[in-house]
Structures are given as C-alpha cells and as structure tokens.
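Trainee: next come a sequence and a model predicted from it.
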Amino acid sequence: MEEHLVQLLASTQLALEAPRRQAELELERARNNPDFPLSLARIGAHVEAPVEIRQSALTVLRKFLEENWSPDGGDGPHIPIPDQVKDQLRHIVLELVLSPGEEQRKVKLAASYVVSKIAMVDFPDQWPALLPAVLGVMPAGTDTQLHGALRILQDLVEESLSDEQFFSVARDIIKACYDVALNDNRKETHRSLAVLVFRSCFDLMDIVKDDHKKDVRNFAGEVLEGWLPFLEQVINTPLPDRGGADSQPDSWYGPVALKVQALKTLIKIKTVFPSLLLPQSPTFFKATWEELSRLQGSYQELFIEADAQGRLEDIDGLPFTLDFLVLDELDFLNQCMRASPVQKQLQADIAAHGAAHDTPWVLDLMKLLVSYSQITQEEEGLWDIDVSLYLAEETSLSSNYTARTACGDLLIKLSEWLGQQALEGLFAYTKTIFTTGRQDWRRQEAALYLFNALLNDFQDCDKLVPSGIAGAYLELVNYAISRQDEPILRARGFLVAGVLCQSYQPATALLDRAIESTTMDSSELVQVSCVKAIEGFIATGIPADRQLSIILAIQNFLEAKDLTELEDADDLLVTLLETLRQAISMDMRIAIQPDSKAIDLLFVIAKHGASNFQVTMIVCETFESVVKTLSETAAYTALCAKVLPSIIGAFDVANMTQDDPLVTLATELLALLVQYGAEPLPTGFVASTLPKLNRLLMSSTEGDVLRPGAEAVKYMLMHDHHQVFGWQDETGRSGLEVCLLIIDRLLGPLVEDNAASEVGGLAAELVEKAGQERLGPFLPQLLQAVAARLETAQAPAFIQSLISIFARLSLVGAQDVVNFLGEIQISGQSGLQVVLSKWLENSVSFAGYDEIRQNVIALSKLYSLNDARVAQTQVKGDLIITSSDRILTRSRSRQNPDQYTIIPAPLKILKVLIEDLLSASGVQAAANLAAAAATDFADAEDDDGDEGWEDEPGDMLDLSLGSTKADLMGWLDSANSKQPDDETQAYLTEFFIRAARENTAGFQGWFAMLTEDEKTKLHELASQ
C-alpha cells in the first residue's frame, strides 16, 4: 500500500487539476484501509523518500488522526484505530522526531505536529513515556535530537497540557529549557527555541494564577531568579562585528533570534507577573536603551540607506532579522518606561536640570526615536508604487507594525506621563535637525512624523499645544512644503498642517495651498496628502466659499486618474471619500445644485470601491446624511431627480458586468433614499425603481441584495402605498400583486433565513396598508405561508421578522390571530402550536426598542385573552441543568442536546415578560455591573501587585492569553444585552399590577408556577 500512497501523494502536488483532484479522491477512499495510518507514518519515516513526499504523508496523517484518534475527534464518520496500531504510531512518530539521524527539519516539524495531536488526547494517561523521552534527550542529545525535543515540548506546552498537568511537570520542563538556554555550546537557534518554550509556560501560569495566586506567583518568582540574569545577559551581549555588507551577516541570525525571544519573554513576564519584574525594571531599561543605541548605525545602514531584506523568520517561526529585534526592543523600552522605579529616576534627572528640553536623556531619547522613525528604503519604494500604503500608515489601518509606528507609540506613552514636557523635548531636538547645515530630509520628515503622532494624541485627549511651539512648528511646516525636490517631506508638511490647524488657527492659512497642490503638485504622494489634510482643515470650520473649490479639486484629481486603477486602492478611495464627506457636510444643499458634481463624485468613487466594506459604509453614511437633511418635499424631489438616474444606471451596469458588489451598493443606496423619503413620494418614483427591485428580489439569492431590496419596498409602502398599489408592471400586474409575489419568493425554501430576514417587515407593512379589503383571500394565504416558513426558520433575525407580522396583528386583533392560527395545520401540527413555540422560544433574543415594546404588548394581549387554546399549547420552559464534570465536546453535545421543561404557553408568556421587565428597568444590567464590580474587587484584594507600573497589564492586548479572550467575550455579552426602556417598563409594571389585582387570565394560578427567583423579582419590582 505504501508504494500506492507515495504515487497518490506525488500526484496531489501536480499542477494539472484533473490528475490532482483524482489523486485526492483516491487518497480519501484509502482512508478506510486499516493500513492507511501506519503506511503514512512509514513513508514519513523513510529517509530515502523525497522530503516533500514525507512531509505530505505526515500532514495527511495528522489530519487523519485529528478526526479519528479520539471518538470525539471530528464531525464526519469516525474510522476506529486499533490500540495496537496506536502504539505503533506513537513509537514511529516520536522516534522520527527524536532520531539523531533525521536531518530534515521540515520532516521533523511535520512529525512533531503529529506527536502534538496524539498527545492532546493521550498524554499523560495513555502515553506516560512521552515527556520523559523528550526531556531525556535534551541534556546530551545531538542538535538534531534537541531540535525535535524542543518542537515536541513547545507543542505540548502550547497545545496539549492542561493547567493541572502542567504544574505536575512544570519544574522539569522549565529546568530542561533553562539548561539548554544557558548552554553556550548549543546552537543559538536551539537556545532561542528553549526560551520560546519557557515563555509559553507563562500563558499556562496566567490561566491558573487566578485560582492559585500565591502558589503560582511564588513558583514564578523562584523560576525567575535564574532566568532574569540570563535574559539581561542576552540583551547586554553585543552582536558580532557586521563588516560593511549591505545585508545582515549570517553570524547575526542566531544571536538576533535569541535576543528577540529574550525580549518577548520579558514582555510576557511583565504582562503576567508585573510585580516580579518591577525591581529589575531600571536594569532592563538601561540595557535595552544601550542596545538600541548600539544598533542605531547598523539599522541606518541596512534599512535606511540600503534595502536589506527584513521581517524574516526561520522554519520554527523564530524571527532573526535586525528589524524584528529593534521593534521588540522599542516595545520593551516602552514597557519599562512605565515602571515606577524607572520613572522616579528619570523624573529626578528632569528636576535636576530644571526642564525636560535641557535634560540629556530626553534629548537622547528623541534622537533615538527620530533615528528609528526614518522612512526605510523598502517603504519609500512601496509608497512610490502605491500611495494607498502610505495612507494606510497615516490612518493607522496598516497591519504592518514597524519601528516607525513603535516610536510613535513610545512617544505618545511618554507624553501621557510627562505631558507637555514630552512635546518640548521633541521640539528641542527637532530644532537641531532643521538648523544644521546638512539637509537630512529623512530625519526632518521623521521628526515631523513624531510631532504628527503626538499632535493627534493631544487632540484626542483635549490637550493644548502651547502657541509658541505651534507657531514654531508652523514655520517648519512652511519650510517642508516648499522643498520641491523632497516630495515625502513635502507630503509630511501638509499632513502636519491638516492636524495643526485644528488647534492653532494661523495654520488654516495653508488651506488654499493644499487645495492647489491637490491637482498641481508633481508628486501623487503630495496630492493625496493634501486631500487627507483638507479633511482636517474642514473640521476647523473654514469659510463656506471654499466648499466648491475643494469639491472641484477632488473632481480634477479623479479626472486625471485611470479610474480602473482605483479599484484596488482602498485606502486612497477611503481618504477621498472622507474628505468629500466633510466637504458635502459644509452645506448639504450642494447635493442638489444643478452645477454641482458632489453626489456624482460620491457615486463614482462608490462604483470603483463597491467591493470594499469601508468604502460602501462611508458612501452609505454620507448619502444617508444628505437624504435626511433634504427630506422636505421640494428638496427631496430635486435630490431624486439628481440621484435616481445614477442609481438605476448602476443596476444596468451591474447586470452587464456581473458586478455583484455594485448591485448591493445600489440597492442599499436606494433603500436609504426611500427610507427617509417625503410623503407622498415624488410622482413616478415607484415606476422608476420598483421594476428594478422586483427583478432583483425575484432572481437574486444574495442576502446583501435581498435585505435592503425588501426594505426599500417596505419603505415605499410606508411612505406612499397609493403609488405602489396604483402602479402596474409591463405584464399588467398591480403593485399589490408584485409585492405578494416578492413576499412569496422570500418565504420560499430556496432563500436562506438570513437573506430573507426583512420579509416580515415588508409583509407586515403590506398587510397594514392593503387591509382585508384589498388583500381579500390573499391575506389568509399570506399568513399561512408565514407560519409555515416559521416552522423551519432558524436564524434569530429571520424569526423575529416573521413573528413581527403576528405581533403587529395582535396589537389590534389578538383574538383574530388566535382564531386563524387555531384553524390551520402545518406539517400535522396546529398553527397555534408552531407559531407560539417559535415566538416564545425566541422572544428573549429580539432586538430593537420599538420591536421589543411591540412584542411585549402583543404577548400581553395574547395572555389577557384567556383563550383555552393558548392555555393548552405546550412550549419549551426552563433549561434542565445536568451535573457533569466531563468536558462538553461537539460530539457529546449532539448526542446529549439541551433538555427543557414543557409548560403551558401562558406561563411561558409571563416568564418572557418578567425577563423583559427586568431588562427594561435596568435591573439585569445593574446586576451584571454589580457582579463585575464584585469580581474586580475580589481580584484587587489578592492582585499580583502591578501598581508599580503606569498601566494595567491589559494595556497591551495579548490575544493569546485566556484572560484577554474572556474579557473580549464578556464585552460581547454586554454589548448584546438589552438596555433599559422606560416606556416598556411602565407598560409591563402596569400589566403585572393589574393582572395581580384582577387575577387576569388566572394570574394567581400561573404565578404559583413561577420559579422562586421569578416570584422574588416580581415582588421586588412591585415594592419599588
């Protein structure tokens, strides 16, 4: 079988699709062969087989074992693996990883992943020999064995060990890593990997420290007594001599990798156990600063003056280039600067010199930050090709975190501590750059970049920039924008002006220069910087007569471009839109002026950026503001005359080009136009738009089109149902019939729940506006179709949409709703059973103030009917809690789904209304806040003691930490919770008081069946 598998694995790597897909299918069929896993393992261990085949075999094996090693492993059919085969597999893959004769790191890496997947299930119970075997080869094993052992150890710590298992073996693991890390005879890449494993141990300690704070902290303190001096030594050790090469020498790779891991470990220690690092913070601060100072020249030569390759990692994921090292050192320096011992020492130096700008360390730090903030050769080349990359950095949307951005972050943190003194220090050093005889535009641009970052932070925090410093910087800006041979410096000057003007009025004098340069400057980088700067100028409240010239400048800029090239220039499109939005907002009436192209420009940009979420969001928000402002009949009619041809034209263009994003955007814009429309709508509005919408809604399956499309028709009915019902399509169908056909399609089984989530609102509006007279026999058919679709609906938003139809009808005729539902059958069940079950199961997740209030009133009216058919309807009640200490996997969850009590519908209605009353009154939110406060208080009592640091550990968001994930999930829970609503609270309070006083629908009997907690809540609310 092995030879056959080798052929199949080779074929899966072919470029030709047909033989590759055939091999993949045969490989899938081979999984049922009992020899399949062992054959793959033997291929992976066969030293004479090609490396790519061995690697592929081990990858396929890993995926197979993920799904089948444990009965709970995968979602698909389970293929049992006999115990004797498992024993052989464990032996083969572990031997492969730890073998002294296996030199292929790619193979070892793939094999270590297999070991990790097995260990996640078997260690330690079914594989107790694993860890001793790994630790046993580390002291005296070959480099190849050591590498394999460290890979397994890394996977064990990061993937396999539970917190209880970790502390039974933590001392042995950390001791083994310590011995490797301190062994100068070992390769520095292996020592780096040992430090990485040690750092991973802190993630586990972070998880369990809340339950065992004292023990875990004492253990960490004991461990760090040996590790901290070693980490300090790593930072202090200079890199070997580089020579004069334009690239990083090979002799640096190992030392740089080790330094990077040391720094990442220190940052992790500070995050998890800040108090343990606090006493050493001055030492590490000094060592890191000195290291950054030593590396300044090499960084300048490699990345500023030359274009050395950076951001490189080895096969184990270890960064080994200088730019990574500098980045981590800047981050760690930022952390150390927040430690109270460091701040105390630095503050004393400032006090001794009288002012920050006269203090040597402040000026030295500014020199360091400016040096590392210089634009690299790589960045300059990329910006010359794509200005969007430049704009991405300016808007902080780039995922490319560089030394430049790290310097900006460090300076901002410094200003949070020193306040205005940080700005004074930066200005003091900046003056020396601009006044020296040598023209160093990169340093000048870097100094202005840092001022830009600091200025943005000052404005975000409502801090004032002294007018003297602002005036001096304005002179530097004037100098920068006049440098004709230095476009990047010129661009920076305009960007600073766009921010400076918001706090220093004289800077607005540069507005006309920025408008002119938007189209006249020879550099595209300067042009887009001017567009960005103009947005800032407008925010200061510039004269109204500049509106036309700004919009004209944007128009000229776009007309000079090949618009097809803009489709991938997302950040440029966003910048243009943000400035255009600001310009339009100066006076929305420009949208309907005959000679204005403001809205046309908005649509042009939208057309070329329709596939970008941020572009479409800004376009829709801008258009929504325009429509809201111009909703008066005459203005709205003029707006429709101006925009409808473009929107309808977008549908036609999209049909010809199959441009789905453009269809989506056009539909969203049309929905916004109708939503805020005048009543009645302009003559001919429906005839112009409903045919396009009808075609879309009857053919599309995309939710992004169907949802706004259904909304648009709903708003047409809401604002001018007479025009809708009076319109006929080309076949003679009336508007009413067209609406019914649209609803019928959206309720059909071919449209997904989420895609049809607006059909309920459309149907409810149609029923309300058409009434029984117009609908006639169509009304019961429509309601039965809604009830039938509700039976299979799963998406909460779709369920709420469908329920809203019956809720709105219940507001004025609850008895009619019950009578109708009681008479129809859906899949052998009463319509009342189907609708009430879905209604009451999902009411707690309904969203929207008006919708929740409407739902509450409708349910109260159904309850007050005291209809025997409602009382006989059985629905899900409370969740039955089962006690089990087993981990709930997906497989077990499917085998043992949640169980609920079964209770009468009136009792469930009361339970739902009690829950809504608590939400509406704010009691639930208050309880959540109280619980959170109690938790915080308990944490504070036995905290790790991070008060010596300026910020909490969480100010650096580490998504790998369990605590961070828990905090994010808690935030999401709070964001989705219902909020207080006085009107709903007043209605429900009156309802329960009246029900108790008058025993409405046998309230006392139902009250006795409530839980004690629910009874207590009602008593508490009644006593308020």
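Mentor: Looks like it arrived, so ask away. Numbering: from 1, shown residues only.
Trainee: from now on I want contacts and neighbour counts done on CA atoms only, so please keep to that.
Mentor: Noted.
Trainee: can you pull the contacts of residue 413?
Mentor: residue 334 (C-alpha atoms under 8 Å, 6 or more residues apart in numbering).
Trainee: what's the per-residue pLDDT of it here?
Mentor: pLDDT, residue 413: 95.
Trainee: just residue 794 next, same as before
Mentor: For residue 794, the predicted pLDDT is 93.
Trainee: just checking, it touches residue 753?
Mentor: Yes: if you go by C-alpha atoms under 8 Å, residue 794 and residue 753 touch, sitting 6.9 Å apart.
Trainee: compare these two (neighbour count), which wins?
Mentor: residue 753 (24 against 14; other C-alpha atoms under 10 Å).
Trainee: which residues in this structure form strands?
Mentor: 825-826, 829-830, 874-879, 900-904 (DSSP state E).
Trainee: give me the low-pLDDT residue ranges for the stretch 301-450 of the chain?
Mentor: Scanning the stretch 301-450 of the chain for pLDDT under 70 picks out the ranges 396-399, 436-438.
Trainee: make that the chain, sorry
Mentor: 73-76, 396-399, 436-438, 654-659, 882-896, 922-947, 951-981, 1024.
Trainee: if we can go back for a sec, can you put the strands of the chain in TSV and add mean neighbour count and distance to residue 382?
Mentor: As requested, the strands of the chain are exported to TSV (neighbours: other C-alpha atoms under 10 Å; distance: least, C-alpha to C-alpha, whole Å):
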stretch	mean neighbour count	distance to residue 382
strand 825-826	17	63
strand 829-830	13	65
strand 874-879	17	58
strand 900-904	14	60
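Trainee: relative to residue 101, which of the ones you listed is closest?
Mentor: strand 874-879 (58.2 Å; C-alpha to C-alpha).
Trainee: partners of that closest one in the sheet?
Mentor: strand 900-904 (antiparallel) (DSSP bridges).
Trainee: pipe the strands of the chain into a markdown table and attach distance to residue 914 per row.
Mentor: Below are the strands of the chain laid out as a markdown table (distance: least, C-alpha to C-alpha, whole Å):
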| stretch | distance to residue 914 |
| --- | --- |
| strand 825-826 | 30 |
| strand 829-830 | 27 |
| strand 874-879 | 14 |
| strand 900-904 | 16 |
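Trainee: so residue 729 touches residue 736, yeah?
Mentor: No: under the criterion of C-alpha under 8 Å, residue 729 makes no contact with residue 736, lying 10.7 Å away.
Trainee: gap between residue 705 and residue 226?
Mentor: Here residue 705 is placed at a distance of 62 Å from residue 226 (C-alpha to C-alpha, to the nearest Å).
Trainee: if you could redo that for residue 552, that was the one I meant.
Mentor: Going from residue 552 to residue 226 by C-alpha to C-alpha gives 67 Å.
Trainee: rewinding a little: look at residue 705 and residue 226 and report which has more neighbours.
Mentor: Set residue 705 next to residue 226 and count neighbours by other C-alpha under 10 Å: residue 705 wins out with 23 against 12.
Trainee: what number of residues lie near residue 16?
Mentor: 10.
Trainee: ramachandran angles for it?
Mentor: Phi and psi for residue 16, reported as degrees, to the nearest 10, are phi -70, psi 130.
Trainee: the residue lying closest to residue 309 once chain neighbours are set aside and residue 313, how far apart?
Mentor: Excluding the flanking residues, the one nearest residue 309 by C-alpha to C-alpha, 6 or more residues apart in numbering is residue 247, at 7.1 Å. Noted for residue 247: a distance of 16 Å to residue 313, by C-alpha to C-alpha.
Trainee: and residue 729 and residue 736? Which one has more around it.
Mentor: Higher neighbour count among residue 729 and residue 736: residue 736, with 21 against 14, using other C-alpha under 10 Å.
Trainee: I figured the more buried one was touching residue 722, is that so?
Mentor: No: taking contacts as C-alpha under 8 Å, residue 736 lies outside contact range of residue 722: 10.0 Å.
Trainee: let me see the contact set for residue 607.
Mentor: The contact partners of residue 607, by C-alpha under 8 Å, 6+ apart, come to 650, 662.
Trainee: before we move on, what about residue 589?
Mentor: Per C-alpha under 8 Å, 6+ apart, neighbours of residue 589: residue 630.
Trainee: backbone dihedrals for the residue lying closest to residue 751 once chain neighbours are set aside, please?
Mentor: The shortest distance from residue 751 to any non-neighbouring residue, by C-alpha to C-alpha, 6+ apart, is to residue 701 (6.2 Å). Here is the backbone geometry of residue 701 (degrees, to the nearest 10): phi -120, psi 0.
Trainee: what lies in contact with stretch 778-797?
Mentor: Contact with stretch 778-797 is made by 744, 747-749, 753-754, 757, 767, 772, 799, 802-803, 820, 824, 826, 831, 834-835, 838, 842, 845-846, as judged by C-alpha under 8 Å, 6+ apart.
Trainee: run the chain-centre distance for it.
Mentor: Centre-to-centre, stretch 778-797 and its host chain are 34 Å apart (C-alpha atoms, centre = their mean, to the nearest Å).
Trainee: give the buried residues for that stretch.
Mentor: Judged by neighbour count (16 or more other C-alpha atoms under 10 Å), stretch 778-797 contains these buried residues: 779, 782-791, 793, 795-797.
Trainee: repeat that for stretch 9-19.
Mentor: By 16+ other C-alpha under 10 Å, the buried positions in stretch 9-19 come out as 9-13.
Trainee: count the neighbours of the nearest residue to residue 325 once chain neighbours are set aside for me.
Mentor: Excluding the flanking residues, the one nearest residue 325 by C-alpha to C-alpha, 6+ apart is residue 260, at 5.3 Å. When counting by other C-alpha under 10 Å, one arrives at 28 neighbours for residue 260.
Trainee: give me the distance between residue 260 and residue 790.
Mentor: 57 Å.
Trainee: what of residue 114?
Mentor: For residue 114, the distance to residue 790 (C-alpha to C-alpha) stands at 46 Å.
Trainee: what's the answer for residue 489, then?
Mentor: 62 Å.
Trainee: what's the answer for residue 407, then?
Mentor: From residue 407 to residue 790 the distance is 56 Å (C-alpha to C-alpha).
Trainee: repeat that for residue 264.
Mentor: Taking C-alpha to C-alpha, one finds residue 264 at 53 Å from residue 790.
Trainee: ok, residue 190 next?
Mentor: From residue 190 over to residue 790 the distance is 60 Å, taken as C-alpha to C-alpha.
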